[in-house]
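# Sharing a model prediction with you, sequence too.
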Amino acid sequence: MNLGHTLLALTPIAVVFLLMVVLARSAKTSMSVAYVVTVLLALFVWQAPGAVIAAASVNGIVTAITLLFIVFGAVLLLNTLKESGALLAIRQGFMDVSPDRRVQVIIVAWLFGSLIEGSSGFGTPSAVGAPLLLALGFPAMAAVMSVLVIQSTPVSFGAVGTPMLVGVRSGVDNKADVAQLISPLQPMEYLQHIVNEVALIHALVGFVIPLILCGMLTRFFGARQSFTEGLKAWKFALFAGLAFTVPYYLIARTLGPEFPSMVGALIGLFIVISAAKKGFLVPKENFDFPPRAKWEQKWLGTLSDDSDSNSVVAPKFSVLRAFAPYVLVVALLILTRTVAPLKAFLTGPLTTLKMSNLFGTNIAASAQFLYSPGFILILVSLACIFIFSMKQGQYGRAVKASATTMIDAAPALLLAVPMVQVFINSAAADGSMPSMPLVLAQSAAAVAGNAWPNVSPWVGSLGAFIAGSNTVSNMMFAYFQFSTAQQIALNLDQSAIVVALQAVGGAAGNMICVHNVVAAGAVVGLMNREGEVIRKTLLPMAYYCVQAGLIGQALITGNMLWWAAAAVWLVVVLLGLSAAKGKPLAGAH
């Protein structure tokens, strides 16, 4: 693989980064340019068949439609709760736990978001969590940033373990050379070994994510624009981090990949909410956003949450009744993903729309709308009519407003996902040139050599960034990661750690994945500012990948210097963020 091909393979990603992150262009504009560039490279440099490009584009459009279906369902539930008046009770319920916004973001984003990730995955935490934060009175930009930052630690075991059971397993099953190497073990035994390493690395890296999240919240959305203000909640934040990651790790080792995020988050929610109500480790001085009149325009989306922190209007419903829709969402997600006969029906041929062998290729496009979280969200929104005795016309207004939001989000997603699919399916027709993502990965491996474990999470992150999925990233790169580990003379146990680093990096990449950002923004009406969101979430993503690489090297080599480097890196990140202060808002003191 020559340098020229490597640079050309990097071009689509560079175009997205330059236009969205550096020049702050909208996702719609950035992805349209990136799509054209990717198609031209695939056709004229990689010599990919035109039929494959067309099939990949159609597959991308179908996938984008399924994402828009989730966006519609999420916004519809929010608008239904708003029309019914239940949002007032939900807001009051969280205020009764704690009025401190740092505590609220930990409970809603970190713990409730992890629960949704564990039960459903595929961007659903953003679709459910961001509107809930908006309802609590968070700025739209803060809501989007928060739900994206937590799409890291729980993601490897999201959707009842799909990134591991489907993504990583494809790298250890059905590969003759892998099977020969691990012949004393069954593939599932080796997969469980990888699961153990994934859980350990995530726990060691991720337990500080609530602290970083608190700091980012106060740095970008506080009156003083100070990261240090978030660090004042360090005791509670680290307590909340461990309340999730400790059971998460233990469950992964004992029960396997299906339940760490889901059950770990449930345990964490019970522990943390109980502690917060009693004021355990909660900062004595509450943090709140500045008055709404002083909010910067860029914080706001087009959706109104009708919230007013000074409102004295009494909620019409009890907190338990108001939260009933979210309980229903979680219950239905868990049921449809864990009850085998129900899952088999919802994903079976009768309920799956599938187009096989598109344009004579082996690419297929499929949609399972009844299995989609979007269907569950719509179903629960209909149940709200009866739960809250809604009047005629209220639900119709909610549907109309939600359809408008979905239409606004459509252009960006209908361009972003096809671009990704062409990028992934860009291999040369004669097999002389692997696809663009694999060219980048192979080039990185050639340069890194024995330092590969430090690079491995970045490859996983790259896969998630371009594919929008940890599962797809693992499917693309798990076997490549294993092979690279073998080439640098690592044994089976050490190779398992390298594959685990792939999965961890793939989870971290969800923080900056373009169509996750677009979808999260859409559900709170924050369109055309995706680049600004990515500039914020790049910070925790970079922390995650570097820290995972250092810890991976420590586990592989047993050298204490790598553990020391990981500790130093964490301190550097926190001190660096603390030193970076913005300009206080007018009137702040």
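Yep, it's here. Residues are numbered from 1 along each chain as shown.
# C-alpha from now on. contacts and neighbour counts both.
Will do.
# Please report how far the closest residue to Trp110 other than its chain neighbours lies from Ile182.
Excluding its sequence neighbours, the residue lying closest to Trp110 (CA to CA, 6 or more residues apart in numbering) is Ile150, at 5.6 Å. Counting by CA to CA, to the nearest Å, the gap from Ile150 to Ile182 is 34 Å.
# next one: Gly222
Counting by CA to CA, the gap from Gly222 to Ile182 is 53 Å.
# Looking at the two, which is more packed in?
Neighbours were counted for Gly222 and for Ile182 using other CA atoms under 10 Å; Gly222 has more, 23 against 14.
# check contacts around that one.
Asp288, Phe289, Pro290 (CA atoms under 8 Å, 6 or more residues apart in numbering).
# Tell me the secondary structure of Leu575, please.
Following DSSP: H, G, I helix; E, B strand; the rest coil, we place Leu575 in the helix state.
# Could you count how many residues lie near it?
With other CA under 10 Å as criterion, Leu575 counts 13.
# re the thing from before, what's the distance between the residue nearest to Trp110 and Gly241?
Taking CA to CA, one finds Ile150 at 11 Å from Gly241.
# which neighbours do these two share?
Common neighbours of Ile150 and Gly241 (CA under 8 Å, 6+ apart) are Ile209.
# higher neighbour count, those two?
Legend: neighbour count by other CA under 10 Å for Ile150 and Gly241, higher for Ile150 (29 against 23).
# That one and Gly113 touch, don't they?
Yes. Counting by CA atoms under 8 Å, Gly113 is a contact partner of Ile150 at 7.3 Å.
# picking that back up, list phi and psi for the residue nearest to Trp110.
phi -80, psi -10 (degrees, to the nearest 10).
# Ser366 now?
phi -140, psi 160.
# likewise Leu353?
According to degrees, to the nearest 10, Leu353 has phi -90, psi 120.
# unless I'm mixing things up, it is touching Ala364, no?
No. In this structure, Leu353 is not within contact of Ala364 by CA under 8 Å, at 10.5 Å.
# Quick one: low-confidence residue ranges for the chain.
Applying pLDDT under 70 to the chain flags the ranges 1, 120, 122, 170-180, 183-187, 304-314, 586-589.
# Let's see that with 50 instead.
Per-residue confidence for the chain (pLDDT under 50) gives these ranges: 308-312, 589.
# residue with max distance from the center of it?
Distance from the C-alpha centroid of the chain peaks at Gln392, with 36.8 Å (CA atoms, centre = their mean).
# what separates it from Lys400, distance-wise?
14 Å.
# Leaving out sequence neighbours, find the closest residue to Asn362.
Ser356 (7.3 Å).
# what sits against that neighbour?
Asn362, Ile363, Ala364, Ala365.
# do that again at 10 Å, thanks
By CA atoms under 10 Å, 6 or more residues apart in numbering, the contact set of Ser356 is Ala55, Asn362, Ile363, Ala364, Ala365, Ser366.
# wait, isn't the fourth one in contact with Ala54?
Read that as Ala364. No. Between Ala364 and Ala54 there is no contact under CA atoms under 10 Å: 11.5 Å.
# Need the residues touching each of the two.
Contacts common to Ala364 and Ala54, judged by CA under 10 Å, 6+ apart, are Leu358.
# the more surrounded of these two?
Between Ala364 and Ala54, counted using other CA under 10 Å, Ala54 has the larger neighbour count: 19 against 15.
# Next up, identify which helix or strand that one is on.
Assigned by DSSP states H and E, Ala54 belongs to helix 50-84.
# in the helix or strand following that helix, what counts as buried?
Scanning forward in sequence from helix 50-84 by DSSP H and E, the next helix or strand is helix 86-97. Judged by neighbour count (16 or more other CA atoms under 10 Å), helix 86-97 contains these buried residues: Ala86, Leu87, Leu88, Ala89, Ile90, Arg91, Gln92, Gly93, Phe94, Met95, Val97.
# Ok, stretch 9-23 next?
Neighbour-count burial for stretch 9-23 [16+ other CA under 10 Å]: Ala9, Thr11, Pro12, Ile13, Val15, Val16, Phe17, Leu19, Met20, Val21.
# For that stretch, list the C-alpha coordinates in PDB.
Presented in PDB, the C-alpha positions along stretch 9-23 are these (Å, rounded to 0.1, in the frame of the first residue of the first chain):
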ATOM      1  CA  ALA A   9      -8.400   7.000   1.400                       C
ATOM      2  CA  LEU A  10      -8.100   9.600   4.100                       C
ATOM      3  CA  THR A  11      -9.700  12.300   1.800                       C
ATOM      4  CA  PRO A  12     -13.400  11.700   2.500                       C
ATOM      5  CA  ILE A  13     -12.800  11.900   6.300                       C
ATOM      6  CA  ALA A  14     -10.600  15.000   5.900                       C
ATOM      7  CA  VAL A  15     -13.300  16.600   3.800                       C
ATOM      8  CA  VAL A  16     -15.900  16.000   6.500                       C
ATOM      9  CA  PHE A  17     -13.600  17.200   9.300                       C
ATOM     10  CA  LEU A  18     -12.500  20.300   7.400                       C
ATOM     11  CA  LEU A  19     -16.000  21.400   6.300                       C
ATOM     12  CA  MET A  20     -17.900  20.500   9.500                       C
ATOM     13  CA  VAL A  21     -15.400  20.900  12.300                       C
ATOM     14  CA  VAL A  22     -13.000  23.500  11.000                       C
ATOM     15  CA  LEU A  23     -15.200  25.600   8.700                       C
END
